[in-house]
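Novice: this one's structure only:
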């Protein structure tokens, strides 16, 4: 027997690609996922499509000759749980194979000559897999193989008018509207206005199957280059990311928090850490480092810089590899009216007017770069700049009371938060 394993919380692409693999390999069965998205369950119930599922408790380990992972990488934890060892393993995962926006397209590309007999409902399921994972062939991760695969399945006369009944990619129900509002309310936006990245979270006991689709709506609605949302449900927590920029690889950013597989434009991790505040804080630092390490030219290309720079050196500035952080640290922080950039004189307004959201509003300073600014490491000096003398005296009085009674006194809430995100504003003391 050949056992096909896909991921839990299975979507159309996972089930459809696994189904196609059972048509290629004789005597093959799909290990029934612990849960599937509601539209997938509705489709299976309404169409009575024949899919060879097998439950975990019905497995006879001695009869398994091969394991195939579909739409997911190898799951060592599951193999250990099932006590499966020394069995050949094959993986079909479009996340690790470039050139495929959906797993259905990958499987078809590998086994097209074996997939000649497809029923209309099987073809419809395959199309649902392609369409859902590529946003009706509109996501940035869509490849030409997804178009050719869609055309291939059309020959089997699926009822494509039924697709909108199962995947409503461009419609939002009332719950979706509430979730979008909650995400916006809980969000922080990092980066210049021309390259804004949103970080947020959403908490609810009930799982919302279309949560990842809302990310694309938010990117378009708010004109974002990227979005990261921590979805905290009763049983599982997902960190999901979407990108609308070629040079924003959200999978690479998520890998710095937790290793996994995903697309440069779309990636998700199942988070098992209990402290979600730590995850979000770590994510903010990671995204901010990405913002600061990008080159100055990568931001300036979005705007008209003619009023701020001589025409003769425009291309030199735009092509410069100097990072945003180094540009600020070396040329801007002294707030000089003019900045000598290498041997050229640039207007300070380039930084102040074009990139206002980076240093002139609250922002997380990258951990590695804090040593460049000793004031951030000296809370005594920091306090003297941030607070008035009367407030500092009050802190001292509270400290003395705590010392007398052997109590540890902590400053919590918005004040230390602002200190930690380097919200320096010496002109406006509290």
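Specialist: On my side now, so go ahead. Computed from a prediction, not measured in an experiment: that's the story for all the values here.
Novice: pLDDT value on residue 285, please?
Specialist: pLDDT recorded at residue 285 is 84.
Novice: where does residue 121 land in three-state SS?
Specialist: What DSSP: H, G, I helix; E, B strand; the rest coil gives for residue 121 is helix.
Novice: could you report the pLDDT at it?
Specialist: Per-residue pLDDT puts residue 121 at 96.
Novice: got it, and the one 4 residues further on?
Specialist: Confidence per residue is given as pLDDT, and for residue 125 that number is 97.
Novice: that one: what's it in contact with?
Specialist: 12, 15-16, 19, 43, 47, 49 (CB atoms under 8 Å, 6 or more residues apart in numbering). No exception for glycine: its C-beta is placed from N, CA and C like everyone else's.
Novice: what do you get for residue 79?
Specialist: Neighbours of residue 79 in contact, by CB under 8 Å, 6+ apart: 67, 85.
Novice: from residue 31, how far out is it?
Specialist: Here residue 79 is placed at a distance of 11 Å from residue 31 (CB to CB, to the nearest Å).
Novice: element containing residue 3, please.
Specialist: strand 2-5 (DSSP states H and E).
Novice: quick one: average pLDDT of the helix or strand just after that strand?
Specialist: Heading C-terminal from strand 2-5, the first helix or strand you meet, by DSSP H and E, is helix 12-24. Mean pLDDT, helix 12-24: 96.
Novice: output the contacting helices and strands for helix 12-24.
Specialist: strand 2-5, strand 28-31, helix 38-47, strand 66-70, helix 103-111, helix 120-134 (3 or more CB pairs under 8 Å, 6 or more residues apart in numbering; DSSP states H and E).
Novice: want to try JSON lines for these, with distance to residue 323 as columns?
Specialist: Shown next, in JSON lines, are those (distance: least, CB to CB, whole Å):
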{"stretch": "strand 2-5", "distance to residue 323": "43"}
{"stretch": "strand 28-31", "distance to residue 323": "47"}
{"stretch": "helix 38-47", "distance to residue 323": "44"}
{"stretch": "strand 66-70", "distance to residue 323": "39"}
{"stretch": "helix 103-111", "distance to residue 323": "37"}
{"stretch": "helix 120-134", "distance to residue 323": "34"}
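Novice: could you tell me the least trusted of these?
Specialist: helix 38-47 (a mean of 91).
Novice: next, the angle helix 12-24 makes with it.
Specialist: 50 degrees (axes from the mean of the first three to the mean of the last three CA atoms, to 10 degrees).
Novice: 4 is where my numbering starts, stick with that
Specialist: Noted, 4 is the first residue going forward, which turns the last one into helix 41-50.
Novice: ok, and what's touching helix 41-50?
Specialist: 13-15, 18, 39, 52, 54, 124, 127-128, 131, 169-170, 212.
Novice: helix or strand right after it?
Specialist: Defined by DSSP H and E, the subsequent element after helix 41-50 is strand 56-57.
Novice: who does that next one touch, helix- and strand-wise?
Specialist: strand 31-34.
Novice: centre of the chain to the strand it packs on, how far?
Specialist: Its chain's C-alpha centre and that of strand 31-34 lie 30 Å apart, by CA atoms, centre = their mean, to the nearest Å.
Novice: and if you look at stretch 208-227?
Specialist: 11 Å.
Novice: ok, stretch 57-65 next?
Specialist: Here stretch 57-65 is found 35 Å from its chain centre; the criterion is CA atoms, centre = their mean.
Novice: now stretch 25-45
Specialist: 26 Å.
Novice: pull the helix or strand with minimum mean pLDDT from this protein.
Specialist: helix 359-362 (a mean of 44; mean pLDDT, DSSP states H and E).
Novice: so how far is residue 91 from residue 61?
Specialist: 21 Å.
Novice: sorry, wrong one. I was asking about residue 253.
Specialist: Taking CB to CB, one finds residue 253 at 33 Å from residue 91.
Novice: which of the two has more neighbours?
Specialist: residue 253 (25 against 10; other CB atoms under 10 Å).
Novice: for the more buried one, give me the pLDDT.
Specialist: pLDDT, residue 253: 93.
Novice: what residues are up against it?
Specialist: Here residue 253 is in contact with 229, 231, 244-246, 265-270 (criterion: CB under 8 Å, 6+ apart).
Novice: which one of the residues you listed sits closest to residue 69?
Specialist: Distance to residue 69, by CB to CB, is smallest for residue 265 among the contacts of residue 253, at 26.0 Å.
Novice: how far away is the closest one from residue 273?
Specialist: Distance from residue 265 to residue 273, by CB to CB: 12 Å.
Novice: so between these two, which is more surrounded?
Specialist: residue 265 (20 against 13).
Novice: roughly how far does the more buried one sit from residue 82?
Specialist: Residue 265 is 22 Å from residue 82, by CB to CB.
Novice: please apply the same query to residue 279.
Specialist: 29 Å.
Novice: try residue 38
Specialist: 20 Å.
Novice: wait, which of the contacts of residue 253 is closest to residue 176?
Specialist: residue 245 (19.7 Å).
Novice: where in the stretch 204-353 of the chain is pLDDT low?
Specialist: Applying pLDDT under 70 to the stretch 204-353 of the chain flags residues 305-321, 323, 330-353.
Novice: go with 50
Specialist: Residues of the stretch 204-353 of the chain meeting the criterion pLDDT under 50: 338-342, 345-346.
Novice: how about the helices in it?
Specialist: Under the criterion DSSP state H, counting those that start in this stretch, the stretch 204-353 of the chain contains helices at 216-225, 253-258, 279-296, 299-303, 317-321, 327-330, 352-357.
Novice: thanks again, I'm all set now.
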